[in-house]
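Pasting a predicted model and its sequence here:
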Amino acid sequence: MRTLRDIPALRHALAEYRQRGQRIALAPTMGNLHAGHLALIENARQHGDVVVSSLFVNPMQFGPNEDLDAYPRTFEADQQALEAAGCDVLFAPISETLYPNGTKQQTYVHVPSVSEGLCGSSRPGHFDGVSTVVTMLFNLVQPDIALFGEKDYQQLAVIRKMVADLHMPIEIIGVPIVRADDGLALSSRNGYLSAENRAKAPALYKTLCDMRQALEAGGVEFSAHDHDYRQQVLQQGRQALYDAGFELDYLELRDRTLGPVEPNTRQAILLAAARLGDTRLIDNLDVLLPAPTDTSAAADTATAR
Ligand SMILES: Nc1ncnc2c1ncn2[C@@H]1O[C@H](COP(=O)(O)OP(=O)(O)OP(=O)(O)O)[C@@H](O)[C@H]1O
Ligand SMILES: CC(C)(CO)[C@@H](O)C(=O)[O-]
Ligand code: BAL
């Protein structure tokens, strides 16, 4: 694996692969790698001929009171893990390489609508930082394919929209969430959890699983497609997280494009962000809502009886 820190070396190395007609797959990361990141590399190997990963803790996507300085940096271990996983090129720039004029005067990419609400509300400006640095990485690497984890579901949706709106010739692949044995979604920030909070953390996924079951099955008095029933399940989920010791940022049910759930929506997704102490965790789970009751058919049946 080649580790490259500057732009000319990266461009030179990638031009060689491109000249040979090899398809380049890019997996961007912020380092402190775990099995979730390695699943991106594994998928990149399946979809491309050359695997490029980037490791950059992007200052532009951190808010002023967030954990930029505390973010775990484990470069040597990450390098070894990437090499063992079959990565061909690691691009690990320093901040001045990507932001020679700092981040304040930086031209930025804003993806409207899908970057608003959810994490966009809790972390103002976060997705502008993500779309901007991902655009830079796309311009520098010019990958054929890029891989992102479904754990950061809104981020994936923002990148898909940016790529579509700006006609970037890149196939975006979402990789399913890799979880610990107890269900907790792997995340670099899990390392911030105290032993006590790590023991509480799986309640986030468990709550989503309980809610999925309730939403898919419906209630005794309600059709599972009933708006009030869904609100009741969401309220119970919020209470369950509160009881488990979480402070909730959001817990929402959306359609899979992150639009609102409409009466005929079936493919939905539960999304949550919640804090245990200072640690902010995110998770999501897909839900297949039952088909709406066909009232005209029900009325016909009733008349027939
Ligand atoms: N558990 C996971 N399963 C699948 N993909 C993941 C998982 N965790 C992270 N990823 C993906 O890896 C890529 C890099 O993410 P990042 O380096 O921010 O790691 P992270 O563990 O999500 O860190 P953080 O705690 O900062 O959110 C992103 O596309 C992200 O969605
Ligand atoms: C996509 C990304 C590498 C951009 O900094 C980051 O947001 C992440 O690690 O998910
Ligand atoms: N995994 C998304 C990067 C971030 O939280 O800043």
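Nice, thanks for sending it over. Ligands and ions are numbered 1, 2, ... in the order given.

Which pLDDT does the model give residue 268?
Residue 268 is assigned 97 on the pLDDT scale.

Please apply the same query to residue 295.
Reported pLDDT for residue 295: 49.

got a list of what the residue of the stretch 101-250 of the chain found nearest ligand 3 touches?
Nearest to ligand 3, among the residues of the stretch 101-250 of the chain, is residue 152, at 4.6 Å (C-beta to the nearest ligand atom). To be clear about C-beta, it is placed using only N, CA and C from the backbone, and glycine gets the same treatment. By C-beta atoms under 8 Å, 6 or more residues apart in numbering, the residues touching residue 152 are residue 282.

please renumber so the chain begins at 27
Will do, 27 is the new start, and the previous item becomes residue 178.

roughly how far apart are it and ligand 2?
For residue 178, the distance to ligand 2 (C-beta to the nearest ligand atom, to the nearest Å) stands at 5 Å.

And for the nearest residue to residue 179 once chain neighbours are set aside, the neighbour number?
Counting by C-beta to C-beta, 6 or more residues apart in numbering, residue 310 is the residue found nearest to residue 179 once chain neighbours are left out, at 4.6 Å. When neighbours are defined as other C-beta atoms under 10 Å, residue 310 has 22 of them.

Next: residue 236.
Residues lying near residue 236 (other C-beta under 10 Å) number 15.

can you tell me the helix or strand for it?
Residue 236 belongs to helix 229-243 when assigned by DSSP states H and E.

now residue 36
Counting by DSSP H and E, residue 36 is part of helix 33-45.

And that helix, what's buried?
Buried residues in helix 33-45, counting neighbours by 16 or more other C-beta atoms under 10 Å, are found at 36, 39-40, 43.

do the same with stretch 274-288
In stretch 274-288, counting by 16+ other C-beta under 10 Å, buried: 275, 277-280, 284, 287.

Then stretch 46-53?
50-53.

Also stretch 82-100?
Neighbour-count burial for stretch 82-100 [16+ other C-beta under 10 Å]: 82-88, 97.

repeat for stretch 233-244
233-234, 237-238, 240-241, 244.

quick revisit: any idea how far the helix holding residue 36 is from the chain center?
28 Å (C-alpha atoms, centre = their mean, to the nearest Å).

downstream neighbour of it in the secondary structure list?
Scanning onward from helix 33-45 (DSSP H and E), the first element met is strand 50-55.

Convert the C-alpha atoms of that following strand to PDB, please.
Taking Å, rounded to 0.1, in the frame of the first residue of the first chain, the C-alpha atoms of strand 50-55 are listed here in PDB:
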ATOM      1  CA  ILE A  50     -10.900   3.200  -8.900                       C
ATOM      2  CA  ALA A  51     -13.000   2.700  -5.700                       C
ATOM      3  CA  LEU A  52     -12.700   5.300  -2.900                       C
ATOM      4  CA  ALA A  53     -13.600   4.800   0.700                       C
ATOM      5  CA  PRO A  54     -13.200   8.100   2.700                       C
ATOM      6  CA  THR A  55     -12.700   7.900   6.400                       C
END
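
can you give me the offset of it from its chain's centre?
For strand 50-55, the distance to the chain centre is 15 Å (C-alpha atoms, centre = their mean).

Out of the buried residues of stretch 82-100, which is nearest to ligand 1?
residue 97 (6.9 Å).

any idea how far residue 118 lies from residue 304?
Distance, residue 118 to residue 304, by C-beta to C-beta, to the nearest Å: 27 Å.

Pull whichever helix or strand residue 166 is part of out as CSV, backbone CA atoms only.
Assigned by DSSP H and E, residue 166 falls within helix 152-167. Output of helix 152-167 as CSV, limited to C-alpha atoms (Å, rounded to 0.1, in the frame of the first residue of the first chain):
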residue,chain,number,x,y,z
HIS,A,152,-21.9,19.9,9.5
PHE,A,153,-23.1,18.7,6.1
ASP,A,154,-21.7,21.7,4.3
GLY,A,155,-18.3,20.5,5.7
VAL,A,156,-18.9,16.9,4.6
SER,A,157,-20.1,17.8,1.1
THR,A,158,-17.3,20.2,0.6
VAL,A,159,-14.5,17.8,1.6
VAL,A,160,-16.1,14.9,-0.2
THR,A,161,-16.2,17.0,-3.4
MET,A,162,-12.5,17.8,-2.9
LEU,A,163,-11.7,14.1,-2.5
PHE,A,164,-13.8,13.2,-5.6
ASN,A,165,-12.0,15.9,-7.6
LEU,A,166,-8.6,14.7,-6.4
VAL,A,167,-9.1,11.0,-6.7
